[in-house]
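**Q** Just the structure for this:
(chains A, B, C and D)
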There are 4 protein chains.
Amino acid sequence: MSFTIRSTVSFCLALGLAVLLGLSASRAGAQGAPASAGPPDPELIRDLIAANRTLAEHGIVDAFGHVSVRHNLDPNRFLMSVSRAPELVSESDIVEYTLDAEPVNLRGRSQYSERYIHAEIYKARPDVNAVVHNHSPSVIPFGVSDVPIRPVYHMAGFIGEGLPIFDIREASGITNMLVNDAQRGSALAADLGDRPAVLMRGHGVAVTGPSIPFAVGRSVYLELNAAIQLQAIGLGGSITFLDAAEAQAVLDDGENRSYERPWELWRRRALEQ
Amino acid sequence: MSFTIRSTVSFCLALGLAVLLGLSASRAGAQGAPASAGPPDPELIRDLIAANRTLAEHGIVDAFGHVSVRHNLDPNRFLMSVSRAPELVSESDIVEYTLDAEPVNLRGRSQYSERYIHAEIYKARPDVNAVVHNHSPSVIPFGVSDVPIRPVYHMAGFIGEGLPIFDIREASGITNMLVNDAQRGSALAADLGDRPAVLMRGHGVAVTGPSIPFAVGRSVYLELNAAIQLQAIGLGGSITFLDAAEAQAVLDDGENRSYERPWELWRRRALEQ
Amino acid sequence: MSFTIRSTVSFCLALGLAVLLGLSASRAGAQGAPASAGPPDPELIRDLIAANRTLAEHGIVDAFGHVSVRHNLDPNRFLMSVSRAPELVSESDIVEYTLDAEPVNLRGRSQYSERYIHAEIYKARPDVNAVVHNHSPSVIPFGVSDVPIRPVYHMAGFIGEGLPIFDIREASGITNMLVNDAQRGSALAADLGDRPAVLMRGHGVAVTGPSIPFAVGRSVYLELNAAIQLQAIGLGGSITFLDAAEAQAVLDDGENRSYERPWELWRRRALEQ
Amino acid sequence: MSFTIRSTVSFCLALGLAVLLGLSASRAGAQGAPASAGPPDPELIRDLIAANRTLAEHGIVDAFGHVSVRHNLDPNRFLMSVSRAPELVSESDIVEYTLDAEPVNLRGRSQYSERYIHAEIYKARPDVNAVVHNHSPSVIPFGVSDVPIRPVYHMAGFIGEGLPIFDIREASGITNMLVNDAQRGSALAADLGDRPAVLMRGHGVAVTGPSIPFAVGRSVYLELNAAIQLQAIGLGGSITFLDAAEAQAVLDDGENRSYERPWELWRRRALEQ
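**A** Sure, this is the predicted structure:
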């Protein structure tokens, strides 16, 4: 009984929301805004909220940085918050974007100026379903140094034989360092190539994955690997990194068990707090 | 009963305090204490409380260090706490100061001995409306080393081509290291020049901004940049810092979107806890 | 009403689960699942839960890593969680294992793939009653460097004249870096020898003890010693490590008073939160 | 009224406690235990509890380390907890000790084996009223390195031209590294001399002060100075430490305003949580 009543209430709320969104979409449509691909899976939205909070809790993002996910109903749409510190992001902040970084349902709110990082990576990489951009503190040194990042342990096997570095100066000369248009975004995506992540000189990193747990997990272990590699270098001796074949074997074996174990922990912490 | 008696006691205490304060104010006035510019904007005071707590939460200040803001009604007045750890500062602790560091409404409370840092910077720099003084742990090494601080990422573009270092010994010989009079304060302000911040040898740093979010944001990202630069140096390779033109472009573009995004986060955390 | 219906539903679910478990147990039994040594001491289980949470709180494990204890009723059995982040482990997650890493009461749940670390160490070392496997961040550098870990202070006297390093490549060639079968586990146990811990190249460490407080305490102080040694090396001068005889005297004297003081603190924090 | 009743209750409790302590002291006296100097000032005990918790909160002590204070009624007595992690110490754990480290009111509880550090320093240094012993992580490297600790900023002016290092091997040959008898304690006190602190090779540090806020404050800023000096060395350039005359001027000026500001913060955090 309780179940029935609750379900009915939930259904009505959902319906109301859908109508609201529909109207909003129509109005937007009238002004030339793109049509929506429809309401995304609520569990995907909850995962996206959990990703925002998890990245903040781990210090991978501070008030800056963002995370997005490809829409489950349409590969040509992705979902990301309006301009807001990840720690504060809630469901009502999530906006649907086209792969040209055009918002579907912005309703006058402020946007992340670097949404082009996400849009252009989704455009170039059909295998990517989640993107994180951050200023991960131990990773930044490797983006400004000629000492390359290398995998010091299996948790960062995805680094393989190293990661590309995007230098915005090569693509666009002197800039404000922000990837805030399509040209810069597509230059970044080109440097990313088929790798899981690309460092950004004097800025941060863009990390990708086939799902949110992969993109968040790789962001966390990229920071950890960088911090550990820094310490290993500090010892002053010679270092044995993961062999390229070992790194590949880690990936072939499912890469950290698809990050299921950390994701159970992180999602619970993020959503049950 | 207990409540009634307590209330009565409280009322009597309050009355006594009011009488005392009245007397004290009169006496002070009789001795030439400066007149007040009037009650500041309550939102500015709330921002100042939030700034105190935010700096403490980020480890930018510990029990020492302080933050001030120029009075919204009079550019010749600024507002700052009595001598108290920033984490504990509340509205009743805020004192109005003249630009000679004379308190308007001290009422016998203890003062920060280094209020001259603030007073002399406000005097020399009409564009500055907020000042932070702190002992930011990763910044101190750059104040005692001949290795200069440089911007490793766009968040610290305000560092530009480097920051001046104030050596109190040059201004005042052997001292207790404190900027606790007008002469030392004005020597510090002279070294600051038109830059956003000045390192203090063997001591800490003074950070300025056109508003509280700028002064707090720059304090946070100066510490982060210092920590990241330290790590980059630890890698042992060569480092590419932000180009001077890139740093300038960051500023021209609004410098981290005027720190609006972190300030929304930090203020909320500070005041809603 | 709501309560009644929910209770009924719960009851049915519980019944269904019980039937399922019964069937599953029967089937497993039919397929030769080992018999249980009987219910372990509840206090031992509570210690094991406390160990999981303590290791997580200290950053010795994150979502990965695990801790086990030998069964109090049978030296040929040990107890460890199903595949779950240590911070989340509760009593119902604890599984009984044989020394061949065969689960007694798994009931279809997912397992740690590296349970062979524990099984093979218990097999080879009758004096060991607790094992921790972790990716302790400051220890990993010493597993990939030719600079050996050494005891910088008495709390890590158990390091003695250094610790062995297990390189999985020597035992098994190119792998996914995981000790996920008996052959790899026994090669690790062979490298461990009679020492309290063995570093694992490009991976982490396995730490042992005669009881849970020892294995957890050594894990914590191994990480601390590594971090302090890294800093000592960073000073650039020469370092005086504990003399081998001093390290031995620390052990002979009861090794940090059998970790009773930290264990009182850690267990209380873990179980009373 | 409320006040009167409460006072009466408090008085009765105090009386009961005094009687209890008196009886206990008599019984102990019959067995040859030293007589008590009488009940210490309750505010001093509260300060001692706050010191224990503050040192734990700042990571200056973990489960090991301890803090003591000289008895306010008798300079030949000091007060310290029974063997317990500082974070857990409460009023009932405080024991009165003679300057020979003999407990007055132990009642069968376990003691810190290194109480001789405290006893021998109080014996040798009438100006010292509070002692902290800890394994402060950034200080330990300076106790095992030939690179001396030096003051990098005014908060650590008490370091002056450096601190002595006690090497237990010089006093007692090969040991368990613990200062657990009077001979080792007096050798440590001799190395301390008239300085505020003495590093202990391969172990930690002993820090003193004329009061609890000084001993705790110096412990906190000694750790901070060590961490900052480590970072300054990591920059690779030349470092300007506080001039000896500057360090002396810091002390002559009252040394960090007698740590009143941090103590207000720390005590409040420790006791109001």
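**Q** which residues does residue A:32 contact?
**A** Neighbour list for residue A:32: empty [criterion: CB atoms under 8 Å, 6 or more residues apart in numbering or on different chains]. Using the backbone N, CA and C atoms, a C-beta is placed for each residue, glycine as well.
**Q** Pretty sure it sits in a strand.
**A** No: remark: residue A:32 does not belong to a strand; assigned using DSSP: H, G, I helix; E, B strand; the rest coil, it is coil.
**Q** Now do it against chain C, distance only.
**A** 45 Å (CB to the nearest CB, to the nearest Å).
**Q** pretty sure residue A:213 contacts residue A:263?
**A** Yes: Residue A:213 lies in contact with residue A:263 (CB atoms under 8 Å); the separation is 3.9 Å.
**Q** now stretch A:255-265: how far from the chain's centre is it?
**A** Per CA atoms, centre = their mean, to the nearest Å, the displacement of stretch A:255-265 from the mean C-alpha position of its chain is 16 Å.
**Q** ok, now stretch A:63-71?
**A** The mean C-alpha position of stretch A:63-71 is separated from the chain mean by 5 Å, CA atoms, centre = their mean.
**Q** what about it and chain B, touching?
**A** Yes: judged by CB under 8 Å from any CB of the partner chain, stretch A:63-71 comes into contact with chain B through A:63-64.
**Q** Between the two ends of that stretch, how far is it?
**A** Taking CA to CA, to the nearest Å, stretch A:63-71 runs 24 Å from one end to the other.
**Q** which other residues reach stretch A:82-90?
**A** Contacts for stretch A:82-90 (CB under 8 Å, 6+ apart): A:49, A:52-53, A:55-57, A:61-67, A:81, A:93, A:95, A:106, A:109-113, B:257, B:261-262, B:264-265, B:268.
**Q** show me the contacts for the nearest residue to residue A:116 once chain neighbours are set aside.
**A** Ranked by CB to CB, 6 or more residues apart in numbering or on different chains and with sequence neighbours excluded, the top spatial neighbour of residue A:116 is residue A:185, at 3.2 Å. Shown in contact with residue A:185 (CB under 8 Å, 6+ apart): A:101, A:116-117, A:119-121, A:179.
**Q** make it 6 Å
**A** A:116-117, A:120, A:179 (CB atoms under 6 Å, 6 or more residues apart in numbering or on different chains).
**Q** Which of the helices or strands spans it?
**A** Under the criterion of DSSP states H and E, residue A:185 resides in helix A:182-192.
**Q** Just name whatever secondary elements the very next helix or strand once past that helix is in contact with.
**A** Remark: after helix A:182-192, the chain's next helix or strand is strand A:197-200, criterion DSSP H and E. Judged by 3 or more CB pairs under 6 Å, 6 or more residues apart in numbering or on different chains; DSSP states H and E, strand A:197-200 is in contact with strand A:165-166, strand A:204-209.
**Q** Now do the longest one and helix A:182-192, the angle between them.
**A** If you take axes from the mean of the first three to the mean of the last three CA atoms, to 10 degrees, strand A:204-209 sits at 70 degrees to helix A:182-192.
**Q** how about whichever helix or strand comes after strand A:204-209, does it reach chain C?
**A** Of the helices and strands lying after strand A:204-209 in sequence (DSSP H and E), the nearest is helix A:212-235. Yes: against chain C, helix A:212-235 shows contacts by CB under 6 Å from any CB of the partner chain at A:228, A:231-232, A:234-235.
**Q** any idea which of these is the one closest to chain D?
**A** Comparing those against chain D with CB to the nearest CB places residue A:234 closest, at 8.2 Å.
**Q** who touches the closest one in this structure?
**A** B:234, C:230, C:234.
**Q** Can you tell me how far it is from residue D:49?
**A** Between residue A:234 and residue D:49 the computed distance is 39 Å (CB to CB, to the nearest Å).
**Q** all strands of chain A, in order?
**A** A:66-70, A:77-81, A:94-98, A:130-134, A:165-166, A:197-200, A:204-209 (DSSP state E).
**Q** Which among those is found nearest to residue B:73?
**A** Closest approach to residue B:73 among those (CB to CB): strand A:77-81, 37.8 Å.
**Q** Relative to that closest one, what are the paired strands and their orientations?
**A** With DSSP bridges as the test, strand A:77-81 is paired with strand A:66-70 (antiparallel), strand A:94-98 (antiparallel).
**Q** Would you tell me which residues of the stretch 101-250 of chain A are close to chain C?
**A** A:152-154, A:228, A:231-232, A:234-235, A:237-240, A:242, A:245-246, A:249-250.
**Q** before we move on, the earlier item: mind giving me CSV with the residues of helix A:212-235 next to chain C and columns for distance to residue A:197 and pLDDT?
**A** CSV is the format used below for the residues of helix A:212-235 next to chain C (distance: CB to CB, whole Å; pLDDT from 0 to 100):
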residue, distance to residue A:197, pLDDT
A:228, 16, 98
A:231, 21, 98
A:232, 20, 98
A:234, 23, 98
A:235, 25, 98
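**Q** Residue A:263: neighbouring residues, count only.
**A** Applying other CB atoms under 10 Å in any protein chain shown, we find 22 residues neighbouring residue A:263.
**Q** Tell me the residues of chain A that contact chain B?
**A** Going by CB under 6 Å from any CB, the residues of chain A near chain B are A:63, A:85, A:88, A:137, A:140-141, A:144-147, A:174, A:176-177, A:202-203, A:230, A:234.
**Q** Going through these, which ones are buried?
**A** By neighbour count, with 16 or more other CB atoms under 10 Å in any protein chain shown, the residues of chain A next to chain B hold A:63, A:85, A:88, A:137, A:140-141, A:144-145, A:147, A:176-177, A:202-203, A:230, A:234 as buried.
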